[in-house]
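Participant: okay, sequence plus prediction incoming.
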Amino acid sequence: FRASADMLSLSLGPLTRSLAGTYDFTFVDAPTAASGPAEPGVPEGLLGYEWWGDPGGAYDTAWRPVYEHGFDVAMARLAALAAGGRG
């Protein structure tokens, strides 16, 4: 939540390297620019995205209103990616 494909890839690097050859990992950015603060500890200025959430809400609670802000957009993005598109 409020991260990016690059941030997730870096944070899961040890896991993805240990499973290389067994699994193929693909990391994608969410379709919406982050509307609020990132996880505590993430340096300011890093570009982040979110799949859905309460615009401007606190990091630890803004993800909860799933169906109110952006869920349909997120699902359309995933469907396009699964179909081989760029979303």
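Facilitator: It's in.

Participant: so where's this structure uncertain?
Facilitator: 1, 65-69, 85-87 (pLDDT under 70).

Participant: what residue of it is the furthest out?
Facilitator: G21 (24.2 Å; CA atoms, centre = their mean).

Participant: need the helices for the protein, in chain order.
Facilitator: All helices of the chain, identified by DSSP state H, fall at 5-11, 13-18, 71-82.

Participant: got these as JSON lines, with mean neighbour count columns?
Facilitator: Where you see a C-beta, it was placed from the backbone N, CA and C, and this is true even at glycine. Formatted as JSON lines, the helices of the chain follow (neighbours: other CB atoms under 10 Å):
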{"stretch": "helix 5-11", "mean neighbour count": "13"}
{"stretch": "helix 13-18", "mean neighbour count": "11"}
{"stretch": "helix 71-82", "mean neighbour count": "14"}
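
Participant: so which of these comes closest to V42?
Facilitator: For V42, the closest of those is helix 5-11, at 7.3 Å, according to CB to CB.

Participant: any idea how far that closest one is from the chain center?
Facilitator: 9 Å (CA atoms, centre = their mean, to the nearest Å).

Participant: for it, which outside residues touch it?
Facilitator: With contacts defined as CB atoms under 8 Å, 6 or more residues apart in numbering, helix 5-11 is touched by T16, F25, F27, V28, D29, V42, L46, G48.

Participant: go with 7 Å
Facilitator: With CB atoms under 7 Å, 6 or more residues apart in numbering as the contact definition, helix 5-11 has outside contacts at F27, V28, D29, L46.
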